[in-house]
Structure formats: structure tokens, C-alpha cells
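In: Need a 3D model of the following:
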Amino acid sequence: MINQAIASLVQYAIDKGLIAEDDRVYAVNALLERMKLDSFEAPESLLDKPVNELLDVLTDDAVARGLCEDDPTLRDLFDTGLMGCLTPRPSEVRRELRRLLAEDPKKATDWYYALSGATNYIRWDRIRRNVVWKAPTEYGELDITINLTKPEKATTTGAAFKAAKAAASSYPKCLLCVENEGYAGRYNHPARQNHRVFPFVLDGEDWFLQYSPYVYYNEHCIAFSGRHYPMTVDGHSMRQLLDFVTVFPHYFMGSNADLPIVGGSIFTHAHFQGGGYTFAMAKAPIETPLVFRGFEDLEAGIVKWPMSVIRLRGADRERVARLAEKILKLWRGYTDEAAYIFAETEGVPHSTITPIARRKGADYELDLVLRNNITTEELPLGVYHPHPELHHIKKENIGLIEVMGLAVLPPRLKRELAKVAELLVSGGDLRADELTEKHADWAEELKTRYTFTAENVDEILRREVAVVFAKCLEHAGVYKRTPAGKEAFLRFVARVNEE
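Out: Down below sits the predicted model:
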């Protein structure tokens, strides 16, 4: 069985173009070394299994022989090392990427995306476990994902865990550093032997592209600086975003905001997120046209979206970047007490922007999402954050992906919503079950509007979860979609035009 698994994995790598036929014996020997085996006999037949299952066969054997502890994190470290034996060297990957990029940027990313999946860097078997749907709202069809991909870490007291903790270091400095390429990993840092990065230049600086191992949408990619320095949203980053969509016009690219609560999870390394997907936000129209003095050549307006978005569009990317930088600088220093917008309190800054760039034909389009992270005693997680009555569905931060209209919801909801559905159909007590108690107010209100059956309950709940997510985005909007909110929004626009 082990000989079959090794031979099958090598054949898989040949079929996917990761290695050549001439590499077969070399690849078998590399896997034998990793498995601590000293003999191999070519089998008469191969295993008809996908790559993740072949890796499971080999990892199960390693666990049985004491080479690896039966812990999800340590198993990942081990099987990534196996795939590293079959992954082309960075020089080979980059040579092909540069060739394809010169020919057609989309051909380059198509090839790179396929490579990232073939090497099991993108773990498709886990991504398929996610619960994913679309649902209509007044803002268009929103994307909803219950994220089940990332494995839970078991409690391990074995020697491998103790050694990993003792070996914790500052290398690589973070998960986004280029030094992750080929890194063996440790208990608190993922293995990356099967990781290859795509080099390019943004606004005169060396950057790299990679895909997310747990993609949330088509070709979900991350662009990151070759240097480890803090993420900042400023004029330079606006130009870099517009530069990116010049190099890769078929992708969008955006940046998380650079402040806590409204920002991303990794502030220590300059990076963006993008990909080949069209979100509901990109389809949303301008509902209030704007004219910015001195930039009359650019199309601008407030977007019909639950959050507060100014869209800029024009053929001259430098002009778009200059206006975006002006809006950002003014927003960072802008206070409007009547709208409960404060630039800072006690010297702590609160305002920033989540920018998203894309191409629309020959034009550059840049969405500027106004953000503010002020808190109060009543709303310690943020005034412009999902409020407590929505936490039964979404309590986590509204980052770049959510801003654009894709909800990344916690795994607990799979079980909880299934139980809510069961009790709505049976008429059971929603408050008596720990899985459904937190959802009781919401579910009981739904009962006043729907007659639930086994046939319709799941569809209704999915639609209503999307409505809750839309409300989460409305809460995150600094200007509410009311006459008073629109008036306050236009006061800020007038302030920009005064400069």
C-alpha cells in the first residue's frame, strides 16, 4: 500500500506537470527519505485516489511508525513536506511566470493558480467543505460562506509539540514574508515547502503574488511587499493598487484598512488582497454623482452600498491616485460631531479608508470605503461595527472581503442554523437549546413572517442570514442611509472641495 501511494503520488506529479518523467526515480527517493524508508518496489497498479487521500495514506503510515504525531497541525506539516518533494524549484516557476506574463497576464495567473492547486498549497478538499450560497438583498446578491476550511488544533503534549514551541523564532517574521517560500514550518507557523511566489514590481518596489491556501472566492490572491514593513493606507499604497491592476487588468486589488477593528489581521507586513471575482459591491451603481473641484475630468459618486463608499473613475491613474490621496488625508483629520465622527480622541486616530481598485475597460476605478473605529462603553467593539443584536450571526470584524459583499461566517453556524431549522419546523423551544438560544429573538421574529416547512426552511434561513449580513455592513457604514446620513456625507464632500 505504501509503495502504491508513493508511486501514485509521483505519477500524479508527472501528470500535473510538477515534475518530468526523467524526475521519477529522483522523486521516489525524495519521498522515501521523507518517509524514513530505505526500500521501494514499483507496484503493479496505482491507487485511484485524489492527492489529499494519497497524502493521508502516507501520513497515516508515518503516524503509525512514530514519525509524526496524530495532531492536525503536525499532520499538515508532514504532508506539506511530502508535496515539497514534488514541487518545482522557485527558479523554474518564476522563469515560466515571467514568460507567460510577457505574453498575457491572464495566462500567467491561470498557470500559477493551477500550480498552486496541483501542489496542494490550495487545499481544495477542505475548501469544498465550506457552506456557500448567494442570496438577494436590496444591495444585490451577497455571497455567504460558513468557513469550515481551517483545521482545529488539537491539544498535543508530545515531544514534537514541545520541540516546536522551543524552536519558535522570528524567522520568517510573519506569514507574508518571502522567506516562507520553501520553509518547513513549525507548530505555530505553517509549512510552506510547496509554496512558490510570483515576483513583480509595484510603484518601483519589489512585490510578490501568492494565492490564499483557503481561498474564499475565485483566484483569491495576496500581494505582499518583498520587505517586512507595516501596512499603511496612504498615497503610495493607492498608486500601488492602481499599478497592480495595470499589470494584472483582469484582477481587482484592495487593501484592508490600517487601524484595529476596521482593519486586517496582519498589520506588520504591507499587503493587499485581490483576485478574479466580481463582488456585489463592484456591480453596485453610483446613486449620487459627485464633482470634485480640480478633478472635473474624473467621474465620481456615492455608491449604492450599505457602507459609505466614494467611487472614482478615470483613464489617468495618476489623477485618480491624487484625488484618492486628497480624500484620504482630509478624512483622517475630519471631525463632524453631529454625525458622531471623530478623527481622534485623546490622540488616538480613528479614521482611515479601505480602498479597492479595478479596471473598467480603459478606465481605472477606485472605491474608497470610509472607515472609523471609535468605540463607546455601550459599543466596546466599535460604533461602526456589527452591533450586539447581530452577533448571533456575525461578531467578527468587517474586513476587506466583507466590505465587498462576502460574509465569512464562523463554523459554529453550520450546527446552529441546522438546529434552528429543525425547531422552526417542529415548533420546538428555541430558548431551551444552547445551540439556538442566541438566535431565538431573530428566529421568533421570522416566525411572524413565514410559515416554515421542511421544504422551505433552509432557503428562508439562507436568505435571512444574508439580510442580517447586509445589516452588519450598514452598521459598519459611517454615514447611514437616511436623509440625515446623506446630508452628513455631503458635508464631508463639501469639505474636500473647500481645499
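In: hey, where'd the strands end up in the stretch 151-300 of the chain?
Out: For the stretch 151-300 of the chain, the strands defined by DSSP state E, counting those that start in this stretch occupy 198-202, 205-211, 221-225, 252-254, 271-275, 286-290, 299-303.
In: can you state the direction angle for the second one and strand 198-202?
Out: Relative orientation of strand 205-211 with respect to strand 198-202: 140 degrees, computed using axes from the mean of the first three to the mean of the last three C-alpha atoms, to 10 degrees.
In: before we move on, the earlier item: out of the strands of the stretch 151-300 of the chain, nearest to Asn52?
Out: strand 205-211 (16.9 Å; C-beta to C-beta). From N, CA and C alone the C-beta is placed, and that goes for glycine too.
In: ok, back up a step: to Phe40, which of the strands of the stretch 151-300 of the chain lies closest?
Out: Closest among those, using C-beta to C-beta: strand 205-211, at 32.8 Å.
In: Just list the residues touching Gly399, thanks.
Out: Taking C-beta atoms under 8 Å, 6 or more residues apart in numbering, we find Gly399 in contact with 256-257, 263-265.
In: Now with 7 Å, please.
Out: Under the criterion of C-beta atoms under 7 Å, 6 or more residues apart in numbering, the neighbours of Gly399 are 256, 264.
In: ok, the residue nearest to Lys16 when sequence neighbours are not counted - how many residues close by?
Out: Excluding the flanking residues, the one nearest Lys16 by C-beta to C-beta, 6 or more residues apart in numbering is Ala118, at 4.1 Å. Using other C-beta atoms under 10 Å, Ala118 has 21 other residues around it.
In: Any figure for the gap between Ala118 and Asp104?
Out: 20 Å (C-beta to C-beta, to the nearest Å).
In: Kindly report the same for Leu435.
Out: Taken as C-beta to C-beta, the span from Leu435 to Asp104 is 50 Å.
In: Give me the more crowded residue out of the two.
Out: A direct count of neighbours by other C-beta under 10 Å for Leu435 and Asp104 places Leu435 higher, at 16 against 11.
In: thought Asn52 was touching Arg128?
Out: No: look at Asn52 against Arg128 with C-beta atoms under 7 Å: they stay out of range, at 10.2 Å.
In: So which of the two has more stuff around it?
Out: A count of neighbours by other C-beta under 10 Å puts Asn52 above the other of Asn52 and Arg128, at 13 against 10.
In: re the thing from before, pipe the strands of the stretch 151-300 of the chain into CSV and attach mean pLDDT per row.
Out: Converted to CSV, the strands of the stretch 151-300 of the chain look like this (pLDDT from 0 to 100):
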stretch, mean pLDDT
strand 198-202, 93
strand 205-211, 96
strand 221-225, 97
strand 252-254, 98
strand 271-275, 97
strand 286-290, 98
strand 299-303, 98
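In: Low-confidence regions, the protein specifically.
Out: 150-169 (pLDDT under 70).
In: again, only this time at 90
Out: Scanning the chain for pLDDT under 90 picks out the ranges 1, 149-170, 202-204, 214, 263-266, 499.
In: mind giving me the domain ranges of it?
Out: Following automatic domain parsing, one finds the domains of the chain at 2-89, 407-476.
In: okay, the strands of the stretch 151-300 of the chain in JSON lines with mean neighbour count and distance to Val369 next?
Out: Shown next, in JSON lines, are the strands of the stretch 151-300 of the chain (neighbours: other C-beta atoms under 10 Å; distance: least, C-beta to C-beta, whole Å):
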{"stretch": "strand 198-202", "mean neighbour count": "19", "distance to Val369": "21"}
{"stretch": "strand 205-211", "mean neighbour count": "19", "distance to Val369": "22"}
{"stretch": "strand 221-225", "mean neighbour count": "22", "distance to Val369": "19"}
{"stretch": "strand 252-254", "mean neighbour count": "25", "distance to Val369": "9"}
{"stretch": "strand 271-275", "mean neighbour count": "24", "distance to Val369": "14"}
{"stretch": "strand 286-290", "mean neighbour count": "14", "distance to Val369": "14"}
{"stretch": "strand 299-303", "mean neighbour count": "20", "distance to Val369": "9"}
